[in-house]
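Asker: sequence isn't available, so here's the structure alone:
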């Protein structure tokens, strides 16, 4: 599981049938403490209604196909949670405003 920030969206008029009606978002992995970019952007299927600017939890690989939204769907990354706050070492490092 990784932490990422939603930075954009993808619009695709032609795609695999199982992806029709699915929201595709561009995410950037972020550091747990500072929430600064920590990797290359990637596309993930949104299964929870996330929006731009939100910090989200993302699963990749075979785990990405285990949500109700993505079961048996050709995906490699799924947003499966929206973060309300983070605590690292007893210190709150992020809180959703």
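Answerer: Noted; the coordinates are in hand. Fair warning: this is a prediction, and the values are worked out from it, not measured in the lab.
Asker: drop to CA atoms for contacts and neighbour counts, all remaining ones
Answerer: Fine.
Asker: quick one: the strands in this protein?
Answerer: 2-10, 24-29, 42-46, 55-60, 77-82, 85-88, 91-95 (DSSP state E).
Asker: could those go into CSV alongside distance to residue 67 and mean neighbour count?
Answerer: Converted to CSV, the strands of the chain look like this (distance: least, C-alpha to C-alpha, whole Å; neighbours: other C-alpha atoms under 10 Å):
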stretch, distance to residue 67, mean neighbour count
strand 2-10, 16, 19
strand 24-29, 15, 22
strand 42-46, 10, 21
strand 55-60, 10, 21
strand 77-82, 8, 23
strand 85-88, 23, 12
strand 91-95, 26, 12
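Asker: what's the closest of these to residue 68?
Answerer: strand 77-82 (10.3 Å; C-alpha to C-alpha).
Asker: pairing partners for the closest one, with directions?
Answerer: With DSSP bridges as the test, strand 77-82 is paired with strand 42-46 (parallel), strand 55-60 (antiparallel).
Asker: let me have the ones you listed in CSV, extended by mean pLDDT and distance to residue 86.
Answerer: Shown next, in CSV, are the strands paired with strand 77-82 (pLDDT from 0 to 100; distance: least, C-alpha to C-alpha, whole Å):
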stretch, mean pLDDT, distance to residue 86
strand 42-46, 96, 21
strand 55-60, 96, 10
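Asker: just put these in a markdown table and tack on distance to residue 34.
Answerer: Shown next, in a markdown table, are the strands paired with strand 77-82 (distance: least, C-alpha to C-alpha, whole Å):
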| stretch | distance to residue 34 |
| --- | --- |
| strand 42-46 | 20 |
| strand 55-60 | 12 |
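Asker: can you tell which of these is closest to residue 9?
Answerer: Among the strands paired with strand 77-82, strand 42-46 sits nearest to residue 9 (C-alpha to C-alpha), with 8.2 Å.
Asker: residues in contact with the residue nearest the centre of the chain?
Answerer: With distances taken as C-alpha atoms, centre = their mean, the residue of the chain nearest its centroid is residue 79 (3.3 Å). Counting by C-alpha atoms under 8 Å, 6 or more residues apart in numbering, residue 79 makes contact with 44-48, 50, 56-59.
Asker: this completes my enquiry, with thanks.
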